[in-house]
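Engineer: Let me see the structure of the following:
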Amino acid sequence: MECIIADAGPIIALCKIGQFNLVTQLFNQCLITQTVYEEVMTGTDRAVDCLQRAIKSNKVTVKPSSAIELELLKILDEGEAASIALALENSGCALLIDEAKGRQIAEHLNIPIIGLAGLLLLAKKKQMINVVMPLLFEIRNNGYWLSDKFLKEIAKLSNEKWTKP
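Structural biologist: Here you go, the predicted model:
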């Protein structure tokens, strides 16, 4: 995929650990919705500065919300609904999303999806990073919910050891 549409959760998580550049290095174009932009900007952490820098350097483009979003708002939060709506309007883009309900709906709508862990696995495969698990533990330590079961699965996929810090 040449293009990625990012939901707020993965943006915040990657910015907090200083790895948002992976998104812009793996994909030629990164789009976010106005709703996701506002969601990230309500914070007071590193994600605000990180996203502002990415937008100023033209690595991220903010797109207006869509009419399709109104239907999705009946079943999803604003950010996920807006991101899925934008993905429906940009068929050449994958969707970076972790929220389970949003992923299920995106899959049902045949939108290509990738999660935060999948993005890190791809970055490792392309030799942009050497390890996945320490980054996932750092993301979890910064408040992003990742279960032990999920992390053990990713450890297997990444051929890394499962060692809980």
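Engineer: Could you use CA atoms for every contact and neighbour count after this?
Structural biologist: Noted.
Engineer: what's the neighbour count on residue 147?
Structural biologist: By the criterion of other C-alpha atoms under 10 Å, residue 147 has 9 neighbours.
Engineer: what's the closest non-adjacent residue to the residue nearest the centre of the chain?
Structural biologist: For the chain, the residue nearest the mean C-alpha position is residue 10 (3.3 Å; C-alpha atoms, centre = their mean). For residue 10, ignoring the flanking residues on the chain, the nearest one in space by C-alpha to C-alpha, 6 or more residues apart in numbering is residue 116 at 5.9 Å.
Engineer: now residue 112
Structural biologist: residue 94 (4.8 Å).
Engineer: Same check on residue 64?
Structural biologist: Counting by C-alpha to C-alpha, 6+ apart, the residue nearest residue 64 is residue 34, at 5.3 Å.
Engineer: so how far is the helix or strand where the residue nearest to residue 112 lies off the chain centroid?
Structural biologist: If you go by DSSP states H and E, residue 94 is part of strand 93-96. Its chain's C-alpha centre and that of strand 93-96 lie 8 Å apart, by C-alpha atoms, centre = their mean, to the nearest Å.
Engineer: For this structure, which helix or strand comes out least confident on mean pLDDT?
Structural biologist: helix 68-72 (a mean of 66; mean pLDDT, DSSP states H and E).
Engineer: So which bits of the helix or strand following that one are buried?
Structural biologist: Next in sequence after helix 68-72, counting helices and strands by DSSP H and E, comes helix 78-89. Neighbour counts over helix 78-89 (16 or more other C-alpha atoms under 10 Å) mark 78-88 as buried.
Engineer: Tell me, how many residues neighbour the residue nearest to residue 112?
Structural biologist: Quick note: residue 94 (other C-alpha under 10 Å) scores 23 neighbours.
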